[in-house]
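Asker: Attaching a predicted model along with its sequence, questions to come.
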Amino acid sequence: ATPMALLVATDRGARLGIFLLGHRALEAAHAVDVVVLDKTGTVTDGRMAVVDATTSVEVSPLDVARWAGAVEARADHPLATALVALARATTGELPPVEGAVTRAGLGARGRVDGEVVTVGSARLLAAEGVAVPADIAACTAAWERDGHTTVLVGRGDAAVGAFALADGVAPGAADAVAALHALGVRTVLLTGDHEAAARRVADVVGVDEVIAGVTPDEKAAVIDRLRDDGCSVAMVGDGVNDAPALARADLGLAVGSGTDVAIGAADMVLLRDRLDVVPAALGLARATRRTIR
Ligand code: ADP
Ligand code: MG
């Protein structure tokens, strides 16, 4: 684009609530025919709340909340925020953690009260060699059938509890998806969460396709696959777990309230956290392209 056209587009974008991070954004956006949407914090509002909990008989539920909150204290994820809030509300001060690590798209780990605590998905616990007792597994399976997101809490080599969490669909999400379809764009919901939770959201907002249970690297591989098929792909995401996919898409759009890592990997930032800006952004790019030709 010419500098003038770019300047005009940047100004129009800002008024729509889009911040353009470079000229690549407009070049790429006019041709987009598939929009891939992250679920948690992008299509949902990211205000996760704990809706149910279970703990094994040998531990105190308050301790499970403390351990989970402590390990999550530095994680930048809606699930972590909810678990930290629960721990603070029920137990006050969080205990100190040694060697805390966050694993994007999986959970977090660290030593609390003399034991390693693992907080995250079934996939994380399996990878870390933490066994899940049958009663806890039955509980999380039932929650997942209800479309809730689940988080397991392991202490040492066994799970001692689990939480069910839920969030709402973001304002304007269904309208945004309908507007994308009206532009002739295919939509895909892409998430590290499990299939039933993804379906619940997909049904509300009306996306064409669901790909669930994927790691951050697998999210990026989905983008690569779509591009190999000849699609021009926009990815919309908010989290550290979305950064590889945002970087690999033809056009990466980060939710403004999202993590710095996501914004750093994106070409555009959605300033108002509203998805209806996505079809507006594609429309803007198409219009700008017409004026410069
Ligand atoms: P999404 O793709 O919907 O944004 P993520 O890839 O961030 O979801 O997470 C996928 C799954 O990994 C979550 O549903 C949860 O089970 C687990 N997980 C990710 N981050 C955390 C965390 N900080 N604490 C606990 N569990 C987590
Ligand atoms: Mg997310």
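Answerer: Received it, and whenever you're ready, just let me know what you need. Numbers count the residues shown, from 1 in each chain. Ligands and ions are numbered 1, 2, ... in the order given.
Asker: how about the closest residue to L94 other than its chain neighbours, what does it touch?
Answerer: Nearest non-adjacent residue to L94, counting by CB to CB, 6 or more residues apart in numbering: A70, 4.6 Å away. All C-beta atoms are positioned from the backbone trio N, CA, C, and that covers glycine. The contact partners of A70, by CB atoms under 8 Å, 6 or more residues apart in numbering, come to A87, L94, P95, P96, V97, G110, V112, V117.
Asker: Sort out which residues of stretch 40-52 are buried, please.
Answerer: Of all the residues in stretch 40-52, those buried under the rule 16 or more other CB atoms under 10 Å are T40, G41, T42, V43, T44, D45, G46, M48, V50, D52.
Asker: how near is the residue nearest to L94 to ligand 1?
Answerer: 12 Å (CB to the nearest ligand atom, to the nearest Å).
Asker: For the stretch 101-250 of the chain, what lies in contact range of ligand 1?
Answerer: Contacts of the stretch 101-250 of the chain with ligand 1, taken as CB under 6 Å from any ligand atom, map to 105-108, 119-121, 149, 151, 191-193, 239, 241.
Asker: just the buried members of those?
Answerer: Looks like these have 105-108, 119-121, 149, 151, 191-193, 239, 241 buried, using 16+ other CB under 10 Å.
Asker: Restricted to strands, list the residues of the stretch 101-250 of the chain next to ligand 1.
Answerer: When DSSP state E defines the strands, the subset of those inside them is G107, A108, V119, G120, T149, V151.
Asker: Within range of ligand 2, give me the residues from the protein.
Answerer: Contact residues, the chain versus ligand 2 (CB under 5 Å from the ion): D38, T40, G41, D238, G239.
Asker: Tell me which of these fall in helices.
Answerer: With helices taken from DSSP state H, there is no overlap with these.
Asker: Now render these as a markdown table, adding pLDDT.
Answerer: Conversion of the residues of the chain next to ligand 2 to a markdown table gives the following (pLDDT from 0 to 100):
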| residue | pLDDT |
| --- | --- |
| D38 | 97 |
| T40 | 93 |
| G41 | 92 |
| D238 | 94 |
| G239 | 91 |
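Asker: what's the closest of the residues of the stretch 101-250 of the chain next to ligand 1 to ligand 1?
Answerer: Checking these against ligand 1 by CB to the nearest ligand atom gives G192 as the nearest, at 2.2 Å.
Asker: Contacts only, for the closest one.
Answerer: Counting by CB under 8 Å, 6+ apart, G192 has contacts T40, G105, L106, S121, A212, G213, V214, T215, P216, K219, N241.
Asker: now it: how far from H77?
Answerer: 10 Å (CB to CB, to the nearest Å).
Asker: Need the residues touching each of these two.
Answerer: T40, N241.
Asker: With distance to A134 added, can I get the buried ones among the residues of the stretch 101-250 of the chain next to ligand 1 in JSON lines?
Answerer: Compiled in JSON lines, those are given as follows (distance: CB to CB, whole Å):
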{"residue": "G105", "distance to A134": "26"}
{"residue": "L106", "distance to A134": "22"}
{"residue": "G107", "distance to A134": "21"}
{"residue": "A108", "distance to A134": "25"}
{"residue": "V119", "distance to A134": "20"}
{"residue": "G120", "distance to A134": "19"}
{"residue": "S121", "distance to A134": "18"}
{"residue": "T149", "distance to A134": "21"}
{"residue": "V151", "distance to A134": "18"}
{"residue": "T191", "distance to A134": "27"}
{"residue": "G192", "distance to A134": "25"}
{"residue": "D193", "distance to A134": "23"}
{"residue": "G239", "distance to A134": "32"}
{"residue": "N241", "distance to A134": "29"}
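Asker: All set now, cheers.
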